[in-house]
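> Kindly generate the corresponding structure for this input.
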Amino acid sequence: MEREIDLKEISDGRLYSSSDMVKADCGDCKGCSACCQGMGSSILLDPYDIYRLSTGTGLTFEDLLKGRIELNMSDGLILPNLKMAGEKEACSFLNGEGRCSVHPFRPGFCRLFPLGRLYENGSFQYFLQTHECKKENRTKVKVRKWIDIPDFGKYEKFVSDWHYFAKEMGQKIKSLGSEGQDKSKALCLYVLKKFYMEPFDASVDFYEQFNKRLEEAKHAAAA
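Numbers count the residues shown, from 1 in each chain. Model (predicted):
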């Protein structure tokens, strides 16, 4: 989900690479789950998030849709997001103690917080959101260590590739207008099926599978 933001208002004014140190470490949260509540449909899930959640929980995409995640329109596409539930509008993966029950394989958005990404010129950099996390006196940690994803170089390439592909597809769908509703719907469902509903093989490198699907999808979209 793209946002029109003024970095001067929400950040410390700096941009970071994955090798930079940044004041993001909140000391294991220590019982705070403020960032896991009241987020509406904003915690979008990319294909790698669904892959990790599925392999980590043993639940299929269809199983996850039964109370854990939901589908919503975002920038022209139908995409999954974490579902908020209950009186506190809390993440469906929070346990009774307010702790994340999928922490080892939590989604990328959760790993990133309180960092954000600024996408420019076919790539991205990180920025620190200074007002989002409720914890004070955060300590410095290297960006890539904070996000803590295996094969980090491949992961960053995936994040960039997925962002720009989804953006391009969303713009293409919007450009079709009301006269192209049938094609728009077909493209939306194609992306949803290709990257989410069709499971990735856990015995094969995820990124190899994703890159193959990405090339197929680009070819299909251009047809």
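> Identify the single longest helix in the protein, thanks.
Longest helix in the chain by number of residues (criterion: DSSP state H): helix 152-175.
> now the very next helix or strand once past that helix, how far from the chain's geometric center?
The helix or strand immediately downstream of helix 152-175 is helix 181-192, counting by DSSP states H and E. Computed by CA atoms, centre = their mean, to the nearest Å, the chain-centroid distance of helix 181-192 equals 21 Å.
> Which strands or helices does the helix or strand of the chain with the lowest mean pLDDT pack on?
None of the helices or strands of the chain scores lower by mean pLDDT, DSSP states H and E than helix 7-10, at a mean of 77. Under the contact definition 3 or more CB pairs under 8 Å, 6 or more residues apart in numbering; DSSP states H and E, helix 7-10 sits against no other helix or strand. (Glycine included, C-beta is placed from N, CA and C.)
> thinking again about what came up before, can you list the buried residues in the longest helix of the chain?
154-156, 158-159, 162-163, 165-166, 169-170, 172-173 (16 or more other CB atoms under 10 Å).
> And the residue nearest the centre of this protein?
The centre of the chain sits closest to Leu45, judged by CA atoms, centre = their mean, with a distance of 4.1 Å.
> thought it was touching Asn81?
Yes. The criterion here is CB atoms under 8 Å, and Leu45 meets it with Asn81 at 6.1 Å.
> what's the angle from the longest helix of the chain to helix 181-192?
170 degrees (axes from the mean of the first three to the mean of the last three CA atoms, to 10 degrees).
> Show me the contact partners of helix 152-175.
2, 18, 46-48, 74-77, 79, 108, 117, 119, 122-124, 144, 149, 184, 187-188, 191, 207, 210-211, 214, 217-218, 221 (CB atoms under 8 Å, 6 or more residues apart in numbering).
> cool, and stretch 88-107?
31-33, 36-40, 43, 45-46, 49, 52-53, 55-57, 67-69, 82-85, 110.
> Of those residues, just the buried ones, ChimeraX syntax please.
To isolate the buried subset of the contacts of stretch 88-107 in ChimeraX, counting by 16+ other CB under 10 Å, use the following:
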select :33,36,39,43,45,46,49,52,53,68,69,82,83,84,110
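> Filter the contacts of stretch 88-107 down to the ones in strands?
Ile69, Leu82, Met84, Ala85 (DSSP state E).
> Quick one, grab the pLDDT at the third one.
For Met84, the pLDDT comes out at 95.
> doesn't Ser42 make contact with it?
No. Met84 is beyond contact range of Ser42, at 9.3 Å (criterion: CB under 8 Å).
> There's contact between Asn81 and Ile50 in this structure, I believe.
No. In terms of CB under 8 Å, Asn81 does not count as a neighbour of Ile50; the distance is 11.0 Å.
> Below-threshold pLDDT in this structure: ranges please.
1-5 (pLDDT under 70).
> returning to that earlier point: quick check: the residue nearest to the centre of the chain vs Phe61, distance?
10 Å (CB to CB, to the nearest Å).
> Check the contact lists of those two and give me the overlap.
Pro80.
> The protein: helices as residue ranges?
7-10, 47-57, 61-64, 108-112, 143-147, 152-175, 181-192, 206-222.
> and the longest one, C-alpha only, in CSV?
Output for helix 152-175, consisting of C-alpha atoms alone and laid out as CSV, is shown next (Å, rounded to 0.1, in the frame of the first residue of the first chain):
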residue,chain,number,x,y,z
PHE,A,152,18.6,-11.2,3.1
GLY,A,153,19.9,-10.1,-0.3
LYS,A,154,17.4,-12.3,-2.1
TYR,A,155,14.7,-11.0,0.2
GLU,A,156,15.4,-7.4,-0.5
LYS,A,157,15.4,-8.1,-4.3
PHE,A,158,12.0,-9.9,-3.9
VAL,A,159,10.5,-7.0,-1.9
SER,A,160,11.6,-4.5,-4.6
ASP,A,161,10.4,-6.8,-7.5
TRP,A,162,7.1,-7.5,-5.9
HIS,A,163,6.4,-3.8,-5.0
TYR,A,164,7.1,-2.5,-8.5
PHE,A,165,5.2,-5.4,-10.2
ALA,A,166,2.2,-4.9,-8.0
LYS,A,167,2.3,-1.2,-8.6
GLU,A,168,2.5,-1.7,-12.4
MET,A,169,-0.4,-4.2,-12.3
GLY,A,170,-2.5,-1.9,-10.1
GLN,A,171,-2.0,1.0,-12.5
LYS,A,172,-2.8,-1.2,-15.5
ILE,A,173,-6.0,-2.3,-13.9
LYS,A,174,-7.0,1.3,-13.0
SER,A,175,-6.3,2.5,-16.5
